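Asks: got a predicted structure here, sequence first:
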Number of protein chains: 2
Amino acid sequence: MKLEMICTGEEVLAGQIVDTNAAWFANALMEKGIECQRRITVGDRLEDLVAVFKERSTEADIIMVNGGLGPTSDDLSTEAMASAMGVSLVENKEWRNKLEAWFTKNGRVMAASNLKQALLPEGAVMIDNPVGTACGFAVKFNRAWLFFTPGVPFEFKRMVTDQFIPFVEDRFPLSEPVSVKKLLTLGNGESALADKLEVISLPEGITLGYRSYMPYIEIKLFARGQLAIDSIPRITERVEEILGNGVVAEDITTLDQEIHNRLVNSGLTLSVAESCTGGMITSGLVAFAGSSAYLHQGLVTYSNEAKVKVLGVNPHTLDDHGAVSIATVEEMVKGARGILDSDFALATSGIAGPEGGSDEKPVGTVAIALATKSGVYSQMLKLPSRSRALVRTLSTAVAYDMLRRELLGEAVIVDYASFSRFSK
Amino acid sequence: MKLEMICTGEEVLAGQIVDTNAAWFANALMEKGIECQRRITVGDRLEDLVAVFKERSTEADIIMVNGGLGPTSDDLSTEAMASAMGVSLVENKEWRNKLEAWFTKNGRVMAASNLKQALLPEGAVMIDNPVGTACGFAVKFNRAWLFFTPGVPFEFKRMVTDQFIPFVEDRFPLSEPVSVKKLLTLGNGESALADKLEVISLPEGITLGYRSYMPYIEIKLFARGQLAIDSIPRITERVEEILGNGVVAEDITTLDQEIHNRLVNSGLTLSVAESCTGGMITSGLVAFAGSSAYLHQGLVTYSNEAKVKVLGVNPHTLDDHGAVSIATVEEMVKGARGILDSDFALATSGIAGPEGGSDEKPVGTVAIALATKSGVYSQMLKLPSRSRALVRTLSTAVAYDMLRRELLGEAVIVDYASFSRFSK
């Protein structure tokens, strides 16, 4: 079975928007064991669309076409498909009725241009869109089934999940079941991960993939066939054995989500004092609804004066040790925790660069501390040769990981593969 | 002239990485008045690459091929091109010498696999890569020039700018000069902008484009030909006249960059107190190197207790007016400014949702204040029917815009097209 995707739209082709639908689609298929073999991106010109539909329909078995189903004059996918097939457009009564009901229900008057969205090429199968005004449709042409979907991401995703994947599975059944296991890692680059995991002899049907969510890299264990699926726990264990502290979460995309879940469920509270991370630790948590249940405050004490005034850091500590030091970050974290007697506090102070480094404390030097009601843990990392953004995201990730370990009752301070630490 | 792009790599096709090179490329060409007409994404299989090179070389005049020039076994672009042309690979002495010199200079031993990177299809023109170990090359095949570049973004971008664009301009000279003017807007959706600007009769050679950087939309005035270029100031003025307060910056991508530049240059200082924006205002500024020059502190006082303890908000104010109120946000902003007597402070307090709204203050209610040494400005916006993320980014943008207006000596509080405001 040969599957391709055609993405339409001037704004995608011209780079005005990055085509996240395409990446999401390939990934969603991959997790079902279905491979997309080619992706073609074209603009909004009718003749370009007609040409690409004619051309690819003789090469592929299934073609996902995304975009160009809207009500405006530059939405031409439907017209182009009818033209390629040499058929006319006919009104789909079922969709017209749904459209009218939808507008009535929402108390809005349907514009004449919306009627266009009920026109389909003669002989097309209407595909329901439960969340928008553009229905999809499927047509058989030459060798291929072409499956048309709207470009709006949440409509597209819903239709892929609810209709397209079953459509493909019906017509081209997979011979074997598939399954995916995901491990979130921190502290190894992609090639370092690949090198380290090379020693694992993977059973038939298991493949390893990597996906980068800076500063994390997600490892995907993809299993095809029941024997391979049964081997997932064993391979997972081997990966965790080899990577040790490098694996920071399972089946979850980022550590902030992990921290959020654990804090919401525990009823414990957190305060944050940030210098070089500049609000990233806090902002990552505030992104989740319900974070107000545990987050007391996040204090970005960027200047020395703020560290003294807001957190109660002793000016002598700053003079004697500098802002980026174990001594300072420990006073910061105690100060932050103490203000509202939070269960935990996290603090960072570092040199994110590109300026501000010295021989003793080069760019990428970051002090990170965790305070609990019974004590303080701290470490000073060396993160050289990294961009300002990467120093900040890595520091945020390590701070989250320290708290995660504490919540799990594990050792708070551990070695990560690619960062070294100042000795105290 | 027909120009296409072929993107190679399993990780791009399979959605493991989003193809930012492609969007960047189309956009960089567009600004030079060059149009990319089709983009094809394929994996790493040799036969797929050979097929796509053969097929597209009969259709296009110029094809940018990106990726697959690395040293590993799944980098097959060069081999596939030679195979498509029926020629052998020959070592390019110039590049081999450069490679050896590069490794010697960096004190590293060249792996045997790197030698592969000096092999080019017979008859190819070597294209220098000033910043990496993979050289590019160009070949004439069938109708097309195929121009090969490495996938590493900064190498790719450098080669497009320094070599590819001049290569195209040499062979297919533009008949006319082109120019682009960018206006950053806030508070109008893309279709609202298009509707409003429809009344402008654009002279021959001027096109309007839109690019979304949530929550901003950038308007691009693209001019082709000297007459069109000469009309840019007049059209810009018309756009600004129609959009009024909607235009927040020129030739710049985000307001945080604008605020950063203005504060660095002015020597004035800022403190921030955030509730619903949860560190976004602060983090946006800390992203720029040198922000420590003006940013005193950013206090995310998420809980009521933190507002009282850290900012000195009166508990009675919270009881009488609630956390999301003009009264509270004004005390927050005064408190934040006062701690270190900063020149300015910004504060936000709102209901980002999806929970926490009431009839009186529904989700999307956000109070925003700016304090200067002489007074306080505040407003309470209604941002209904928006996601948590969008409520937060819009509130951040409005806060920045209030400060921007103050720095320019303009009215601080103005109406934006698509947000309404609570009357005090």
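Replies: Good, I have the coordinates.

Asks: helices or strands up against the top helix by length along chain A?
Replies: Ranked by residue count under DSSP state H, the longest helix found in chain A is helix A:388-407. With contacts taken as 3 or more CB pairs under 8 Å, 6 or more residues apart in numbering or on different chains; DSSP states H and E, helix A:388-407 sits against strand A:178-186, strand A:247-250, helix A:255-266, helix A:280-286, strand A:344-350, strand A:365-371, strand A:376-382. (C-beta placed from N, C-alpha, C; glycine too.)

Asks: again, 6 Å this time
Replies: If contacts are counted by 3 or more CB pairs under 6 Å, 6 or more residues apart in numbering or on different chains; DSSP states H and E, helix A:388-407 sits against helix A:255-266, helix A:280-286, strand A:344-350, strand A:365-371.

Asks: out of those, which comes closest to residue A:401?
Replies: For the helices and strands packed on helix A:388-407, proximity to residue A:401 was assessed by CB to CB; helix A:255-266 is nearest, at 6.3 Å.

Asks: quick one: contacts of that closest one?
Replies: A:248-249, A:252, A:284-285, A:288, A:290, A:293-294, A:397, A:400, A:403, A:407 (CB atoms under 6 Å, 6 or more residues apart in numbering or on different chains).

Asks: please apply the same query to stretch A:175-192.
Replies: Counting by CB under 6 Å, 6+ apart, A:31, A:33, A:210, A:216-225, A:229, A:232, A:236, A:246-251, A:397, A:416-418 sit against stretch A:175-192.

Asks: next one: stretch A:95-111
Replies: Contacts of stretch A:95-111 (CB under 6 Å, 6+ apart): A:118, A:126, A:135.

Asks: looking at neighbours, which among those residues is most surrounded?
Replies: Among the contacts of stretch A:95-111, the one with the most neighbours (other CB atoms under 10 Å in any protein chain shown) is residue A:135, at 26 neighbours.

Asks: so who does it touch?
Replies: Residues in contact with residue A:135 (CB under 6 Å, 6+ apart) are A:95, A:126, A:129.

Asks: backbone dihedrals for the first one, please?
Replies: In terms of degrees, to the nearest 10, the main-chain angles of residue A:95 are phi -70, psi -40.

Asks: what is the burial count for the closest residue to chain B within the stretch 51-200 of chain A?
Replies: Distances between the stretch 51-200 of chain A and chain B by CB to the nearest CB are smallest at residue A:52, namely 7.5 Å. For residue A:52, the count of nearby residues is 21 (other CB under 10 Å).

Asks: right, and it touches residue A:42 too?
Replies: Yes - under the criterion of CB atoms under 6 Å, residue A:52 makes contact with residue A:42 at 5.3 Å.

Asks: tell me which element the residue of chain A positioned farthest from its centre falls in.
Replies: The centre of chain A is farthest from one residue, residue A:316, which by CA atoms, centre = their mean lies 43.5 Å away. Under the criterion of DSSP states H and E, residue A:316 resides in helix A:315-321.

Asks: remind me what that helix packs against, helices and strands.
Replies: helix A:326-339.

Asks: list the buried residues of the helix it packs on.
Replies: Using 16 or more other CB atoms under 10 Å in any protein chain shown as the test for burial, helix A:326-339 gives A:326-337, A:339.

Asks: then stretch A:132-149 to CSV, C-alphas only?
Replies: Extracted as CSV, the C-alpha positions of stretch A:132-149 are listed here (Å, rounded to 0.1, in the frame of the first residue of the first chain):
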residue,chain,number,x,y,z
GLY,A,132,-16.5,22.5,11.5
THR,A,133,-18.4,23.8,8.4
ALA,A,134,-16.2,22.1,5.8
CYS,A,135,-17.1,18.5,5.3
GLY,A,136,-14.5,16.2,3.8
PHE,A,137,-14.9,13.7,1.0
ALA,A,138,-13.3,10.7,-0.6
VAL,A,139,-13.1,9.9,-4.3
LYS,A,140,-11.7,6.9,-6.2
PHE,A,141,-9.6,8.2,-9.2
ASN,A,142,-7.2,6.2,-11.3
ARG,A,143,-5.3,3.9,-8.9
ALA,A,144,-5.9,6.0,-5.8
TRP,A,145,-8.5,6.9,-3.1
LEU,A,146,-8.1,10.7,-2.5
PHE,A,147,-9.3,11.7,0.9
PHE,A,148,-10.0,15.5,1.3
THR,A,149,-9.8,17.2,4.7
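
Asks: average pLDDT across it?
Replies: For stretch A:132-149, the mean pLDDT works out to 95.

Asks: now it: how far from the chain's centre is it?
Replies: Centre-to-centre, stretch A:132-149 and its host chain are 28 Å apart (CA atoms, centre = their mean, to the nearest Å).

Asks: check stretch A:109-119 too.
Replies: Worked out by CA atoms, centre = their mean, stretch A:109-119 lies 35 Å from the chain centre.

Asks: could you do stretch A:57-74 as well?
Replies: Taking mean C-alpha positions (CA atoms, centre = their mean), stretch A:57-74 and its chain are 26 Å apart.

Asks: so which residues make contact with that stretch?
Replies: Here stretch A:57-74 has contacts from A:1-9, A:21, A:44, A:56, A:75-77, A:113-114, A:116-117, A:134, A:141-151, A:168, using CB under 6 Å, 6+ apart.

Asks: filter those down to the buried ones, ChimeraX style.
Replies: To isolate the buried members of those in ChimeraX, using 16+ other CB under 10 Å:
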select /A:2,3,4,5,6,7,8,9,21,44,56,75,76,77,114,116,117,134,141,144,145,146,147,148,149,150,151,168
